[in-house]
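Undergrad: Coordinates for the following, if possible.
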Amino acid sequence: MITPDRPRLARLFSTQALLALLAGLCWLLAWLAPQPALSAGFQAAGAAFAVAVIGATLARAIQGRRRKKSLENMGLLVEHDIAACMLADLDGTVLHANRAAGKTYGAAPGGSLRAVLGAQTADATGLIHRVQSEATRDGIATESVVLPDRHMRVCAHQVGPDAFLWRFELFEERDPAGNAAMRYPTLTLGRGGTVLWMNEAARALAGGRVRSISDLIEDTPLRPGAVHHVDTQGPVSDFTVNIHQAGAGREEVILVPSTPPAVQGADGGFEALPVPLLKLTAKGVIELANRSAREMLSIGPEDEATLSDVMEGLGRSIPDWLSDAAAGKGLARSEFLRLTRSDREVFVQVTLTRIVEDGRTLLVAVLNDATELKSLEAQFVQSQKMQAIGQLAGGVAHDFNNLLTAISGHCDLLLLRHDQGDPEYGDLIQIHQNANRAAGLVGQLLAFSRKQTLRPERLDLRDTLSDLTHLLNRLVGEKVALELRQSAVLPPIRADKRQLEQVIMNLVVNARDAMADGGTIRIETAERDLDQPMDHGRAKVPAGNYVVVRVEDEGTGIALDKLEKVFEPFYTTKRTGEGTGLGLSTVYGIVKQTGGFIFVDSALGKGSVFTLMFPVCDDPVTVAPAPMPQTVPEPAARADGVVLLVEDEAPVRAFASRALAHRGFKVIEAGCAEDALELLQDEALRIDVFVTDVVMPGLDGPSWVRQARAQRPDVPVVFMSGYAEDVFKSQGARIESSAFLAKPFSLTDLTSIVNQQLVAGTSQTAAE
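TA: Presented below is the predicted three-dimensional model:
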């Protein structure tokens, strides 16, 4: 019998209740409405909600009936299976059990899957969780469980969104006489670890009967699935522990060798073991490989190979490593190597054991797939590297911004004394333009390190790309065609329009450069709703609604070994002099700082596809009120205020002082915050505006301004910084009457913002 899905019914009733409530509310409003037209509108809305209630009920009922029929058909399909099969929901409640499951395990509808498996293994909860999680991800999952005299293979198939088909297969191991054989050492333990019973394999391992498990295994208490060291003189001393319930107060313990002794003979047991095993000579020649090892290494039973042929990447000679192992050196340490198979990248953890067979010293290699572990390790190392480079880029950008401020600022001062007819005017213009180009390069460094100043706004990506198409057509040239495919409707996103345009232009320029013989660049937009988190390579995109932009080219493509490096700074596939290696790293930084994701898929000779995913902006649309007419005075050409300039970089301080003085300000300079506070102790000293750097040795800008405001609360302040505005916001966001000026700045930028702060401060004082 198939039981109903209670969570689904609960959701059904909650949806019906909400729709019914809305229908009743509309009819109530229709009864209370003063105007007939309004009343008719509410009645129509109530009728629509009532129809929706009926439709939802019918749809859910049909869906539930179909699901129940599907599960019943699945139950009939496995009813006569010789293996035990059960249908269970997500909570492990049995919905259907076939004859074999009822006969072997006493399973019945309404029972618990944990109770069925709990009679076979002590780790039933963990086993169900592991298999069900993997089946949810891949659709099917399998795990083997070692029992005293057999193996049990537990398999789970996902059946619809909320049910699993479980299948339990038993495989008995028999001796040559055909009798069931308990091949692994097995003990029955009572309370306190007392040994109640041992099979022959366990007595042979221990050299006789033992009274307590602690007499045999050193590191007690036992942990299911853990490797324990057994006090034995045999060739194997490390065993994996499997624990099963054997009645009230009793446990059955099975010891599975971590390096099975069956490798000493080419018997069927060695061949069928689920652990990849190799038998090697001291020179690395593979004499024997079981089925699991051959599948992992992608070799045939008759292939002649050495370990160096199938593995690489140890860091030293593999034959030297094997020679040391044959001499008994380094056997306790595992090594990670990369397989040489060409279809996919696989890393293995190799553990060597030294054995003697017919007077020859051989090595047994136990292989463990470590691809996922190495992937996580590489992801961690990559994130550390990118973080370190980002911090370095931010620091370098700060110092360069100070230098560029001094260069471009003094150039501005020189331009004030020269007109276009002077011979030096052209040279000064060249200096000024190249300083601006350098400032753009520094901006790319800040973009990569995600430390640039963004001005996000609500954007319609369709309008942004449409406006950008004319410029992009000029960028790609005549041999390359640009094709824009826009979705009919796209939700808005929140991003910096200027930076987003820079991202698209960088990707289009890279695509153009990859197509020397011409081709087509396609830009596509779409909306994507993720119900579940999406894994793409090493990134995990949370569930939610996204706007997707794809930039596809028909170029030469990117090699697989270079694909993971394309977003690193200063890495480029172009020839020397054709690129700085900052284009894609800038794109990466802008997208990440915006809160989006970027992926690249490419193959040599087949082009590349860059996919951008931006979260949908759910903020409500706000209409700014019309500005009230104000009589704010325009900034004057000259001013007469007193400015306290605090800057630790002498060239920047010299330029800023001369620029402000040229506009008529009286400037008092200080090289650090402590000197500024000492100057302010003179109460007779009048200061109209503070102009200060944010990051300085000793007290930073916001800290000393807060102290100064205790005595001079009405003085406005201008903060300058070579870092992004985020640094100022994190330290000075609570300082009123403050403005931010990013370095490098021009003479006009500095004098204009200082004059605006002075005018604003004067207006506020007059109002008070």
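
Undergrad: In this structure R211 contacts G193, no?
TA: No: using C-beta atoms under 8 Å, R211 is not in contact with G193, being 9.5 Å away. All C-beta atoms are positioned from the backbone trio N, CA, C, and that covers glycine.

Undergrad: okay, these two: which has more neighbours?
TA: Taking other C-beta atoms under 10 Å, R211 and G193 do not tie; G193 has more neighbours (19 against 10).

Undergrad: so how far is D215 from the more buried one?
TA: Taking C-beta to C-beta, to the nearest Å as the measure, G193 falls 9 Å from D215.

Undergrad: And the strands in the stretch 401-550 of the chain?
TA: 457-459, 480-485, 493-495, 519-530, 534-536, 539-541, 544-552 (DSSP state E, counting those that start in this stretch).

Undergrad: Flag the helix or strand of this protein with the lowest per-element mean pLDDT.
TA: helix 725-732 (a mean of 53; mean pLDDT, DSSP states H and E).

Undergrad: Touching, K743 and G722? I think so.
TA: Yes: the pair K743 and G722 passes the contact test of C-beta under 8 Å, sitting 4.3 Å apart.

Undergrad: Which residues are in contact with each of the two?
TA: Counting by C-beta atoms under 8 Å, 6 or more residues apart in numbering, the shared contacts of K743 and G722 are 401-402, 405.

Undergrad: Just send those residues back as CSV, with distance to R316, neighbour count and pLDDT too.
TA: Converted to CSV, those look like this (distance: C-beta to C-beta, whole Å; neighbours: other C-beta atoms under 10 Å; pLDDT from 0 to 100):
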residue, distance to R316, neighbour count, pLDDT
N401, 46, 26, 75
N402, 47, 21, 76
T405, 52, 27, 80
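
Undergrad: Which of those residues fall within helices?
TA: If you go by DSSP state H, the shared contacts of K743 and G722 have 401-402, 405 in helices.

Undergrad: rewinding a little: on contacts alone, who are the packing partners of the following helix or strand past the least confident helix or strand of the chain?
TA: Sequence-wise, the next helix or strand downstream of helix 725-732 (DSSP states H and E) is strand 738-742. Here strand 738-742 touches strand 717-721, helix 725-732, helix 747-767, going by 3 or more C-beta pairs under 8 Å, 6 or more residues apart in numbering; DSSP states H and E.

Undergrad: related to what we said a few turns ago, now tabulate the ones in helices among the shared contacts of K743 and G722 in TSV and tack on distance to K329.
TA: Listed next are those as TSV, based on distance: C-beta to C-beta, whole Å:
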residue	distance to K329
N401	56
N402	56
T405	61
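
Undergrad: now, among these, which is nearest to M613?
TA: Nearest to M613 out of these is N401 (C-beta to C-beta; 31.6 Å).

Undergrad: my read is W31 is in a helix, agree?
TA: Yes: W31 forms part of a helix when assessed by DSSP: H, G, I helix; E, B strand; the rest coil.

Undergrad: Now for it, how many residues are close by?
TA: Neighbours of W31 (other C-beta under 10 Å): 10.

Undergrad: and the closest residue in space to it that isn't next to it in sequence, how many residues sit next to it?
TA: Take W31 and drop its neighbours on the chain: the residue closest to it by C-beta to C-beta, 6 or more residues apart in numbering is S39, 7.5 Å away. As a burial measure, S39 scores 16 neighbours (other C-beta under 10 Å).

Undergrad: and if you look at A88?
TA: So A88, with other C-beta under 10 Å, has 26 neighbours.

Undergrad: same question, the one 10 residues further on
TA: When neighbours are counted by other C-beta under 10 Å, N98 registers 22.

Undergrad: Let me see the contact set for V94.
TA: With C-beta under 8 Å, 6+ apart as the criterion, the residues that contact V94 are 86-88, 107-113, 116.

Undergrad: for those, which one is nearest P533?
TA: The shortest approach to P533 among these belongs to A88, at 24.6 Å (C-beta to C-beta).

Undergrad: does the closest one count as helix, strand or coil?
TA: Under three-state DSSP, A88 falls in the strand class.

Undergrad: repeat for R153
TA: Quick answer, by three-state DSSP: R153 is strand.

Undergrad: what does T188 give?
TA: What three-state DSSP gives for T188 is strand.

Undergrad: if we can go back for a sec, pick out the shakiest of the helices and strands packed on strand 738-742, pLDDT-wise.
TA: Here the helices and strands packed on strand 738-742 differ in mean pLDDT, and the lowest is helix 725-732 at a mean of 53.

Undergrad: where does the stretch 351-500 of the chain have low pLDDT?
TA: 372-398, 440-455 (pLDDT under 70).

Undergrad: contacts for the host helix or strand of I286?
TA: Counting by DSSP H and E, the element that carries I286 is strand 286-289. Strand 286-289 is contacted by residues 263, 266, 270, 276-281, 297, 299, 301, 304-307, 310, 362 when judged by C-beta under 8 Å, 6+ apart.

Undergrad: May I see the PyMOL selection of the buried members of the residues you listed?
TA: The PyMOL selection below is limited to those of these classed as buried (16 or more other C-beta atoms under 10 Å):
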select buried, resi 263+270+276+277+278+279+280+281+297+299+305+306+307+310+362
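
Undergrad: mind listing which of the contacts of strand 286-289 are in strands?
TA: Those of these mapping onto strands are 277-281, 362, per DSSP state E.

Undergrad: now these as JSON lines including distance to G92?
TA: Below are the ones in strands among the contacts of strand 286-289 laid out as JSON lines (distance: C-beta to C-beta, whole Å):
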{"residue": "L277", "distance to G92": "35"}
{"residue": "L278", "distance to G92": "39"}
{"residue": "K279", "distance to G92": "42"}
{"residue": "L280", "distance to G92": "44"}
{"residue": "T281", "distance to G92": "50"}
{"residue": "L362", "distance to G92": "46"}
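
Undergrad: Need the max-distance pair from those.
TA: Across these, the longest distance by C-beta to C-beta is 15.0 Å; it joins L277 and T281.
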